[in-house]
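Participant: the sequence isn't on hand, but the structure is:
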Ligand code: BQF
């Protein structure tokens, strides 16, 4: 039976660290860090996510702003809002909740954010810096995944890490971070010829596809560390990941649950990134 990696507890410890830092930062710089979250439209999942982010900011004692814009907001208006926040010396971090309505270009919007206020680390210049190996803002979810893997005490160096999924938000950056830890990294995806043959060799398996039961017990090497980034609703409407938790937890050495695994770590890393952005300015 696998050890369960308690993302909720680990994220709480990180948030408490940040919470302890805020009064020191305020004493030193005369103001608190401030995170601004923008949501466009009424996507119910996005509503929950932005609420989690604002709640966490309140918990750690930083300033936060939530801007709600209607679904029909023209792209130009959103870009103008971002320009204003870029120029606002009180704002340290700007986050635009994704996905955006179809008439708005996510790339254009993300790249309009001043790169030193890009708390998500999605700006093209931050992505470039990440891949070159320069200092940068590291995307929250990948950063949280590495934190969870390290929490097991296993040594990442030299291990075979298989990442399933190749999104710009999780798959690609988490692969780069694993490479930085000297893992041997394979990225698998929907066109991978024999997924099971790869995953069976993985010492570390990160699954970020966005589909239920992509990884089952027969696909996992005994003792492996399994990080489930998925956030799906199953037939009964319950939250579930991309990994068959019941089955895989019989085989894996370590596994993250959903909920209570990677999700809370994403939020904790956002708090850390906001502090980093504050210190950049
Ligand atoms: C938990 C996200 C898919 C697409 C866009 C805690 C969150 C989720 C779960 C959360 C996510 C997922 C976020 C739990 C933010 C993580 O207790 O398990 C927190 O708020 N997340 C997002 O902003 O955009 C997404 C998943």
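Facilitator: Structure received. It should be emphasised that the depicted structure is a prediction, and the values quoted were computed from it without experimental measurement.
Participant: show me what from the stretch 101-250 of the chain comes close to the ligand.
Facilitator: Within the stretch 101-250 of the chain, the residues that sit near the ligand (CB under 6 Å from any ligand atom) are residue 231. Quick note: C-beta positions are derived from backbone N, CA and C, even for glycine.
Participant: residue in the stretch 101-250 of the chain nearest to the ligand?
Facilitator: Scanning the stretch 101-250 of the chain for the residue nearest the ligand gives residue 231, at 4.1 Å (criterion: CB to the nearest ligand atom).
Participant: shouldn't that residue be in contact with residue 261?
Facilitator: No - Residue 231 lies out of contact with residue 261 (CB atoms under 8 Å); the separation is 9.8 Å.
Participant: quickly list what's touching both of these two.
Facilitator: Residues touching both residue 231 and residue 261 (CB atoms under 8 Å, 6 or more residues apart in numbering) are residue 241.
Participant: ok but residue 226 is inside a strand, no?
Facilitator: Yes - according to DSSP: H, G, I helix; E, B strand; the rest coil, residue 226 belongs to a strand.
Participant: in which helix or strand does residue 263 reside?
Facilitator: Element membership of residue 263, judged by DSSP states H and E, is helix 262-280.
Participant: quick one: buried residues of that helix?
Facilitator: For helix 262-280, burial by neighbour count (16 or more other CB atoms under 10 Å) applies to 262-278.
Participant: do the same with stretch 189-208
Facilitator: Neighbour counts over stretch 189-208 (16+ other CB under 10 Å) mark 192, 195, 198-200, 202-208 as buried.
Participant: quick one, helices of this protein?
Facilitator: Ranges of helices within the chain are 7-29, 44-60, 75-87, 106-112, 124-132, 140-151, 171-180, 195-199, 245-248, 262-280, based on DSSP state H.
Participant: show me the residue at the heart of this structure, geometrically.
Facilitator: residue 141 (1.6 Å; CA atoms, centre = their mean).
Participant: please name the nearest non-neighbouring residue to that one.
Facilitator: Of all residues not flanking residue 141 in the chain, residue 266 sits nearest, at 4.6 Å (CB to CB, 6 or more residues apart in numbering).
Participant: pretty sure that neighbour sits against residue 147.
Facilitator: No - with contact defined as CB under 8 Å, residue 266 and residue 147 do not form a contacting pair (10.5 Å).
Participant: now the helix holding residue 263, how far from the chain's geometric center?
Facilitator: In terms of CA atoms, centre = their mean, to the nearest Å, the centre of helix 262-280 is found 9 Å from the chain centre.
Participant: ok, stretch 13-25 next?
Facilitator: Distance of stretch 13-25 from its chain centroid, counting by CA atoms, centre = their mean, is 20 Å.
Participant: next: stretch 8-17.
Facilitator: Distance, stretch centre to chain centre, for stretch 8-17: 15 Å (CA atoms, centre = their mean).
Participant: sorry, back to before: so which of residue 231 and residue 261 has more stuff around it?
Facilitator: More crowded of residue 231 and residue 261, by other CB atoms under 10 Å: residue 261, with 29 against 20.
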